[in-house]
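Undergrad: Got a predicted model here, sequence first, then my questions.
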Amino acid sequence: MPAERLLPTTEAEDLLALTREIARAELAPLAAEYEEAERFPREQFRLLGRSGLLGLPYPEKWGGGELPYEVYLQVLEEIACAWMSVGVGLSVHTMSCYALIEYGTEEQRERWLPEMLGGDLLGAYALSESHAGSDAAALSTRAARDGDDFVVNGAKAWITHGGQADFYTTMVRTSDDGGRGISCLLVDAKTPGLSAAPPERKMGLTGSTTTQMIFEDARVPADRLLGAEGEGLKIALSSLASGRLGIAACAVGLAQAALDEAVAYASGRIQFGKSIIEFQGLEFMLADMAAAVESSRATYLEAARRRDRGLPFSRQASIAKLVATDAAMKVTTDAVQVLGGAGYTRDFPVERYMREAKVPQIFEGTNQIQRMVIARELRRS
Amino acid sequence: MPNIVVLVKQVPDTYSERKLAESDHTLDRDSADAVLDEINERAVEEALLLKEAQGGEVTVVSVGPDRATDAIRKALSMGADKAVHVSDEALRGSDVLQTAKVLAAAVGKVEGYDLVIAGNEASDGQAGAVPAILAELLGVPQLTHARKVELDGTTLKVERESEEGITRLEASLPAVVSVGEKINEPRYPSFKGIMAAKKKPVETLTVADLGIDAGEVGLGNAWTSVLEAAPKPPRTAGQRVTDEGDGGSKVAEYLVAQKLI
């Protein structure tokens, strides 16, 4: 059964109806084929752009939807339920716009945001490097000032939309002063000297391209510096909690898709003369799956409502990310179990869901990092 | 600049299980999600294409219960300018003749209309007669089952596709057009369209506002009535053919026996 939602306004209900329509007609039918072929759904992102879904939580004056996170995240969940790669991509795009929204000058915002939020440009976010994952402050891609440009050299790693994006919100080292030596550049994809390495060969989310981005004497105009020089890490850290909520919502969508598939299969599959859903062993498993999905949804929505009210929400965001992604891993694994042998084949989507559920436990801060964030707040209290 | 009216109807979603009420065989509106009928989305799209090319205004007209406002809002969020919604408890169970009469009166409320565009057949009732009856009641030409519509000044040209071939029709405005599946691919609303829709005017009318006596409409006064309704029987298992080198000819024999080839 589809998620039952309590939405704050009629417009939010209409937006969710539109999202479900697009998800059902334009995304779900293509997901399996594109994932199998490792094909990037660029056209589908353009459709999201035309429909106004690429800038939902940001101000209307720059082409955004000016919606609360409570509504934006439910849109994201519906998209991820139809196609996880597109859901994750939408979350990444949204977070790639964050630095310009929060730290750009008025001139920078007016120049770039309308196309990023209301057009069909696609964004990427480049923070990690191969030796700087959880320890982001160790990054070493260097940007040296030369006249009106920064000359950038180094390699960023694990870039979602690498080679596909139109812009890269990139954290670079502008001085050796540790965490205070990092700055944020909004890099145009067409910048000479910027190139994508061959895509990573991943376990899941194979429709979404992940690459290293290589900077070789790439000249980025200095007017593309977002915030002050040295403010990069602060910018990156300030967006983390919001990004985690996005991934929590995607994980709930994925788990919901697995639950729906499992319930449909268990209702139709007859053994010993009755539907297998009527056997308690299976019925209880499905009930636990539904409880995991709905409690995860409630958890991210609670954190989102705090964010919308301007309250601190980083602990709640970490809890939502931890709970929702661990739940998605469990629910998708159980969905394979419900489908039995069929679930283990590529003729059914649940084995793909299970592969897709692994990475949300890892990216946007590993679940070990989430526990650190939660525990740090407990210690302080 | 054409003043266009589009008829829209809220129907049960074809993706969900659709049922009739056991008591009186009217539509069980609670059993399924209600959506704007897809053929009406195509009708709205055609009106918007004409408006984008030639200017003018698009008014949607709907007859249906209060919650049909959801379908009306969808048409407005696609880009229609305003709406007329006839909602009256007395209309419950009305047949095509009564519905067309109410629609004719509602279209008459749209001052100086040039063109009425409708879907050729709703996905719920599937009578497919309302556009023709409406044209008759309005006393204007009917150009039904269009797969292509061209408007040049006050001359309307339509291609109608049927199993026999293509008929080219021409008439002067005002006129009623009904469109088929092939007319276009309807656009999705955008979030901006959704936000704009809430500010667009929707006039809600009762049958009395249209000068129609409530005693002329509704289930009790309908010209037709549904005597019996039964769900489609479940599909039978079919016939299995095992290929022992002659599978192809066995399938062909089966199709010949069914008079399919």
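TA: Nice, I can see it.
Undergrad: which residues of the stretch 1-150 of chain A fall in helices?
TA: A:10-22, A:28-37, A:42-50, A:69-82, A:84-96, A:98-103, A:106-113 (DSSP state H, counting those that start in this stretch).
Undergrad: Then chain B?
TA: B:38-54, B:69-78, B:96-108, B:130-138, B:191-197, B:247-257 (DSSP state H).
Undergrad: Out of the ones you listed, flag the one nearest chain A.
TA: helix B:191-197 (3.2 Å; CB to the nearest CB). (Each C-beta comes from the backbone N, C-alpha and C, glycine too.)
Undergrad: quick one: the longest strand seen in chain B to chain centroid distance?
TA: If you go by DSSP state E, chain B has its longest strand at strand B:142-152. When distances are taken as CA atoms, centre = their mean, to the nearest Å, strand B:142-152 is centred 15 Å away from the chain's centroid.
Undergrad: likewise stretch A:37-57?
TA: The answer for stretch A:37-57 is 13 Å, by CA atoms, centre = their mean.
Undergrad: for stretch A:266-275, same thing?
TA: Here the centre of stretch A:266-275 is set off from its chain's centre by 37 Å, with CA atoms, centre = their mean.
Undergrad: average pLDDT for it?
TA: Stretch A:266-275 comes out with an average pLDDT of 95.
Undergrad: Burial check on the one residue in the stretch 51-200 of chain A that gets nearest to chain B, number of neighbours?
TA: Nearest to chain B in the stretch 51-200 of chain A, going by CB to the nearest CB, is A:G52, at a distance of 3.2 Å. Using other CB atoms under 10 Å in any protein chain shown, A:G52 has 23 other residues around it.
Undergrad: Check A:E229 too.
TA: Applying other CB under 10 Å, we find 17 residues neighbouring A:E229.
Undergrad: One more: the one 3 residues further on?
TA: Neighbour count for A:G232, taken as other CB under 10 Å: 31.
Undergrad: what do you get for the one 3 residues further on?
TA: Here the number of neighbours of A:I235 (other CB under 10 Å) works out to 22.
Undergrad: so A:V263 sits right up against A:L286, yeah?
TA: Yes - taking CB atoms under 8 Å as the definition, A:V263 is a contact partner of A:L286 at 6.0 Å.
Undergrad: Need the overlap of contacts for the two.
TA: A:I277 (CB atoms under 8 Å, 6 or more residues apart in numbering or on different chains).
Undergrad: which residues does A:L100 contact?
TA: By CB under 8 Å, 6+ apart, the contact set of A:L100 is A:Q108, A:R109, A:W112, A:L113, A:M116, A:T169, A:L186, A:L226.
Undergrad: Could you report the neighbour count for the closest residue to B:Q239 other than its chain neighbours?
TA: Closest residue to B:Q239 apart from its sequence neighbours, by CB to CB, 6 or more residues apart in numbering or on different chains: B:Y254 at 6.5 Å. Applying other CB under 10 Å, we find 14 residues neighbouring B:Y254.
Undergrad: do the same with B:R67
TA: Residues near B:R67, counting by other CB under 10 Å, number 11.
Undergrad: tell me which residues form a beta bridge with the residue nearest to B:L143 when sequence neighbours are not counted?
TA: Among residues not flanking B:L143 along the chain, B:V158 sits closest, at 4.1 Å (CB to CB, 6+ apart). Under DSSP bridges, the beta-bridge partners of B:V158 are B:V149, B:L169.
Undergrad: B:V158 against B:R168, yeah?
TA: Yes - using CB under 8 Å, B:V158 is in contact with B:R168, at 7.4 Å.
Undergrad: Specify which residue of these two has the higher count of neighbours.
TA: B:V158 (24 against 9).
Undergrad: May I see the buried residues of the top helix by length along chain A?
TA: Assignment by DSSP H gives helix A:232-268 as the longest helix of chain A. Using 16 or more other CB atoms under 10 Å in any protein chain shown as the test for burial, helix A:232-268 gives A:232-233, A:235-236, A:238-263, A:265-266.
Undergrad: Look up the closest residue to the residue of the stretch 51-200 of chain A closest to chain B, ignoring the ones flanking it.
TA: In space, A:G52 is closest to B:F191, 3.2 Å off (CB to CB, 6+ apart).
Undergrad: near chain A, which residues of the stretch 1-150 of chain B show up?
TA: For the stretch 1-150 of chain B, the residues in contact with chain A (CB under 8 Å from any CB of the partner chain) are B:Y15, B:D70, B:R73, B:K74, B:S77.
Undergrad: so can I have a markdown table of those residues showing pLDDT?
TA: Converted to a markdown table, these look like this (pLDDT from 0 to 100):
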| residue | pLDDT |
| --- | --- |
| B:Y15 | 78 |
| B:D70 | 94 |
| B:R73 | 96 |
| B:K74 | 96 |
| B:S77 | 97 |
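Undergrad: Selection in PyMOL covering whichever of those are buried, please.
TA: PyMOL command restricting the residues of the stretch 1-150 of chain B next to chain A to the buried ones, with burial defined by 16+ other CB under 10 Å:
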select buried, chain B and resi 70+73+74+77
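Undergrad: From chain A, how far off is B:V116?
TA: 26 Å (CB to the nearest CB, to the nearest Å).
Undergrad: In contact with that residue, which residues?
TA: Counted by CB under 8 Å, 6+ apart, B:V116 has contacts B:4-7, B:107, B:131, B:134-135, B:138, B:140, B:174-177.
Undergrad: hmm, 6 Å instead?
TA: B:V5, B:V107, B:V176 (CB atoms under 6 Å, 6 or more residues apart in numbering or on different chains).
Undergrad: my guess is the second one meets B:I4, correct?
TA: So the one you mean is B:V107. No - counting by CB atoms under 6 Å, B:V107 does not reach B:I4; the two are 10.9 Å apart.
Undergrad: The two: which is more packed in?
TA: B:I4 (28 against 21).
Undergrad: my read: the more buried one touches B:L115, true?
TA: Yes - B:I4 lies in contact with B:L115 (CB under 6 Å); the separation is 5.0 Å.
Undergrad: With adjacent residues omitted, what lies nearest to residue 170?
TA: Defaulting to chain A. According to CB to CB, 6+ apart, the nearest residue to A:T170 is A:A126 (4.2 Å).
Undergrad: that answer is for a different chain, and I need it for chain B
TA: B:K157 is the one closest to B:E170 (CB to CB, 6+ apart), at 5.1 Å.
Undergrad: Double-check that neighbour against B:K148; I have them as touching.
TA: No - using CB under 6 Å, B:K157 is not in contact with B:K148; the gap is 8.2 Å.
Undergrad: can you list the residues that contact stretch A:225-238?
TA: Under CB under 6 Å, 6+ apart, the answer for stretch A:225-238 is A:99-100, A:103-104, A:127, A:137, A:171, A:174, A:179-180, A:182-186.
Undergrad: how about the residue of the stretch 251-381 of chain A found nearest chain B, what does it touch?
TA: Using CB to the nearest CB, the closest approach of the stretch 251-381 of chain A to chain B is made by A:G268 at 12.9 Å. Contacts for A:G268 were tallied using CB under 6 Å, 6+ apart; there are none.
Undergrad: do B:E203 as well
TA: B:V84.
Undergrad: With just CA atoms, put stretch A:199-207 into CSV.
TA: Output in CSV follows, covering the C-alpha atoms of stretch A:199-207 (Å, rounded to 0.1, in the frame of the first residue of the first chain):
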residue,chain,number,x,y,z
PRO,A,199,33.2,5.5,-13.5
GLU,A,200,33.6,3.4,-10.3
ARG,A,201,32.3,-0.2,-10.8
LYS,A,202,29.8,-0.3,-8.0
MET,A,203,27.6,-2.9,-6.3
GLY,A,204,24.4,-0.9,-6.7
LEU,A,205,23.1,2.5,-7.9
THR,A,206,24.7,1.5,-11.2
GLY,A,207,22.5,4.0,-13.1
